[in-house]
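sequence? don't have it. structure:
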């Protein structure tokens, strides 16, 4: 560690795991985790921020890694009651998770920004590193289905994900400003590297890149940009999303990911199981490192984070 | 039963118990329970309606009669989390109770009236009788303290109730219309009696009487108005509220209750323990019945309700 700062871009699931790993190996002041908010939606009047919560819970050691979202050892009393009251039950909110949404929602309604609320919630949960939303402006990742544009998260979670998707858009991204925390991190003199965590490039990272000025800032930066591929052995670790092809019709594989990030990517970290991809990826002009990218245990996320930090020369 | 309709006016606690008793002895179409909403308040962005919930839970056999509010056998996971998130914890919301507030709040925000939401929630909980808010317009019962006007429920529940109170007001009551359900019940041709349930006359029943036209309608009606006193043996069953004197400086006893309702009351039901009050009360021109008004068991509420219905000649 030489005091250089890392900016990590993350979605949920695998991204959140690596973000938490980075928090274990970086000092609090040396890491900013900017999180996708394109999956955010309102449900039962509550502001639900799936990726922000996944990252915050992972950093607070509260995440339910078996379910892939929510809080471990949560209970379901309120959900049972909501179902009994005839409310939509497709979003299975645990009691503690629900409390998080209640706290966030009322503070947003009271006028706090999403950045302020996110910082407050993370701090109260004992998180010392900066977890910031990608933007305080609403951006909604939506898929075009037979029923028109539908919020991605609702589409994934209401069992519609078997239906055909003919487009993805990040509604509101044009004109949405990076959050103060993301903007500050991009401008830091001591910025040492940017790490794209292993979240879906097309659905969870692209919304961040689609914000005003972010892709340009990344393309013109002087520090390495290292992406960790969410692919392991040819499949996405987060299987529910593999049904949406990247770039519409193009398979989501490491080559597609590399091409998609071509203007900003220096170094792609892939799983050992995909080592056969290395030569092709290097032919695209990238540095490539194959390692174990699966994070099943807490040790895994710390080890992978340590490797990524080392690759960044920090 | 001869098909006559009863309109019951109720607050929470003892009022809710008698309301539930009436629901046990009256057919669903023959009873309207109009409930005080002056205690309603917003907490953590949620619309909390203590008396409506007390009545609905009592009718649905869900009420926690030991705590005097909320749902029996509820759990406290969300509350523990909210406390961990640094949110105000003076209102100890159970998980199922919280779900009720979430469902109500989002539907109110979506544009449903309180009457519509209340009917929906009651129906989903299996309640067949009409439970209606006194009004769809916001009315707030507030007490004047050294810190100015404070919502009654917050004052009661935040441990401030030891401080001096120099006034009570029902903010918003002037100009607030009775809810459609209350207005309809007042105008029914088959109205047989009005029952004022054993809630605090000055704090829980007065807000109903303060609505536009209600006290006048009650004073000019052709059917008996029977009130069940909340006093048992000289003390209120709902002790937390006895510290607020009725009519400012006047003690809350059966004589005070009788005088307070003098323009509308025909018949006062008091507890056997207060039988010594009978002669004085009769001297005020009232019919008086002494019976056991304590409702500790479900049988008690049904028995008392049956007696009240008989007194009404229904």
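Thanks, I have the structure now. The structure presented is a predicted model; accordingly, all values stated were derived computationally and were not measured.

going by C-alpha atoms from here, please, whenever you check contacts or count neighbours.
Fine.

neighbours of the closest residue to chain B within the stretch 201-314 of chain A, how many?
Here the stretch 201-314 of chain A gets closest to chain B at one residue, residue A:298, 23.4 Å apart by Cα to the nearest Cα. Other residues near residue A:298 come to 15 when the count uses other Cα atoms under 10 Å in any protein chain shown.

any idea whether the closest residue to it other than its chain neighbours is helix, strand or coil?
Excluding the flanking residues, the one nearest residue A:298 by Cα to Cα, 6 or more residues apart in numbering or on different chains is residue A:21, at 7.8 Å. Three-state assignment for residue A:21 (DSSP: H, G, I helix; E, B strand; the rest coil): helix.

now find how far off-centre the helix or strand hosting residue A:9 is within its chain.
Element membership for residue A:9, per DSSP states H and E: strand A:5-10. In terms of Cα atoms, centre = their mean, to the nearest Å, the centre of strand A:5-10 is found 11 Å from the chain centre.

by contact count, what packs against it?
helix A:14-25, strand A:31-35, strand A:191-196 (3 or more Cα pairs under 8 Å, 6 or more residues apart in numbering or on different chains; DSSP states H and E).

what's around residue A:297, how many residues?
10.

and residue A:142, what does it touch?
Taking Cα atoms under 8 Å, 6 or more residues apart in numbering or on different chains, we find residue A:142 in contact with A:149-152, A:168-171.

okay, now residue A:147: neighbour count?
Residue A:147 has 8 neighbours, counted by other Cα under 10 Å.

any idea how far it lies from residue A:9?
According to Cα to Cα, to the nearest Å, residue A:147 stands 31 Å off from residue A:9.

on the three-state scheme, residue A:176 is what?
At residue A:176 the chain is in coil, as set by three-state DSSP.

surely it and residue A:137 touch.
Yes. The criterion here is Cα atoms under 8 Å, and residue A:176 meets it with residue A:137 at 5.5 Å.

heading C-terminal from the helix or strand of chain A with the lowest mean pLDDT, find the next helix or strand.
For chain A, using mean pLDDT, DSSP states H and E, the weakest element among its helices and strands is strand A:235-236, scoring a mean of 64. In the C-terminal direction, the helix or strand that comes right after strand A:235-236 (DSSP H and E) is helix A:254-260.

so for that next one, mean pLDDT?
Averaged across helix A:254-260, the pLDDT comes to 90.

list the buried residues for that helix?
A:254-258, A:260 (16 or more other Cα atoms under 10 Å in any protein chain shown).

could you list every residue that touches the closest residue to residue A:74 other than its chain neighbours?
In this structure, residue A:74 finds its nearest non-sequential neighbour in residue A:94, 5.4 Å apart by Cα to Cα, 6+ apart. For residue A:94, the contact set (Cα under 8 Å, 6+ apart) comprises A:70-71, A:74-79.

re the thing from before, could I get the helices and strands packed on strand A:5-10 as a markdown table with mean neighbour count?
Conversion of the helices and strands packed on strand A:5-10 to a markdown table gives the following (neighbours: other Cα atoms under 10 Å in any protein chain shown):
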| stretch | mean neighbour count |
| --- | --- |
| helix A:14-25 | 28 |
| strand A:31-35 | 29 |
| strand A:191-196 | 24 |
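
need these in TSV with mean pLDDT, can you?
Formatted as TSV, the helices and strands packed on strand A:5-10 follow (pLDDT from 0 to 100):
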stretch	mean pLDDT
helix A:14-25	96
strand A:31-35	98
strand A:191-196	98
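
closest one to residue B:184 among those?
When these are compared by Cα to Cα, strand A:31-35 sits nearest residue B:184, at 53.3 Å.

what does the closest one rub up against?
Contact partners of strand A:31-35, identified using Cα under 8 Å, 6+ apart, comprise A:5-11, A:19, A:22-23, A:51-52, A:55, A:129-134, A:181-182, A:185, A:208.

please repeat the previous calculation with a cut-off of 7 Å.
Residues from elsewhere that reach strand A:31-35, judged by Cα atoms under 7 Å, 6 or more residues apart in numbering or on different chains: A:5-11, A:19, A:51-52, A:129-134, A:182, A:185.

kindly report the same for stretch A:267-285.
Contacts to stretch A:267-285, defined as Cα under 7 Å, 6+ apart, come from residues A:225-229, A:232-234, A:255, A:286-293.

quick check: residues of chain A near chain B?
Within chain A, the positions lying close to chain B (Cα under 7 Å from any Cα of the partner chain) are A:44-45, A:77-78, A:81-82, A:84-86, A:95-96, A:98-99, A:102-103, A:106, A:121, A:124-125.

what subset of those residues is buried?
For those, a burial check counting by 16+ other Cα under 10 Å picks out A:44-45, A:77-78, A:81-82, A:84-85, A:95-96, A:98-99, A:102-103, A:106, A:121, A:124-125.

can you tell me how far residue A:281 is from residue B:293?
Counting by Cα to Cα, the gap from residue A:281 to residue B:293 is 83 Å.

which one's more surrounded, these two?
residue B:293 (25 against 20).

need phi/psi at that one.
Per-residue torsions, residue B:293: phi -100, psi 0 (degrees, to the nearest 10).

spit out the contact partners of it.
Counted by Cα under 7 Å, 6+ apart, residue B:293 has contacts B:270-271, B:304.

so what does the nearest residue to residue A:172 once chain neighbours are set aside look like in phi/psi?
In space, and not counting its chain neighbours, residue A:172 is closest to residue A:139: 4.7 Å by Cα to Cα, 6+ apart. With angles defined as degrees, to the nearest 10, residue A:139 sits at phi -130, psi 130.

could you do residue A:211 as well?
Dihedral angles for residue A:211 - degrees, to the nearest 10 - are phi -70, psi 150.

swap in residue A:176?
Per degrees, to the nearest 10, the backbone of residue A:176 is at phi -80, psi 130.

enumerate every residue touching it.
Contacts of residue A:176 (Cα under 7 Å, 6+ apart): A:135, A:137, A:211-212.

how much space between it and residue A:37?
For residue A:176 relative to residue A:37 (Cα to Cα), the value is 11 Å.

on that earlier part again, farthest pair within the contacts of residue A:176?
The most widely separated members of those are A:137 and A:212, with 10.9 Å between them, by Cα to Cα.

overlap in contacts of those two?
A:176-177.

mind telling me what element the residue of the stretch 151-300 of chain A found nearest chain B is part of?
Residue of the stretch 151-300 of chain A nearest chain B, by Cα to the nearest Cα: residue A:154 (17.6 Å). Using DSSP H and E, residue A:154 falls within helix A:152-157.
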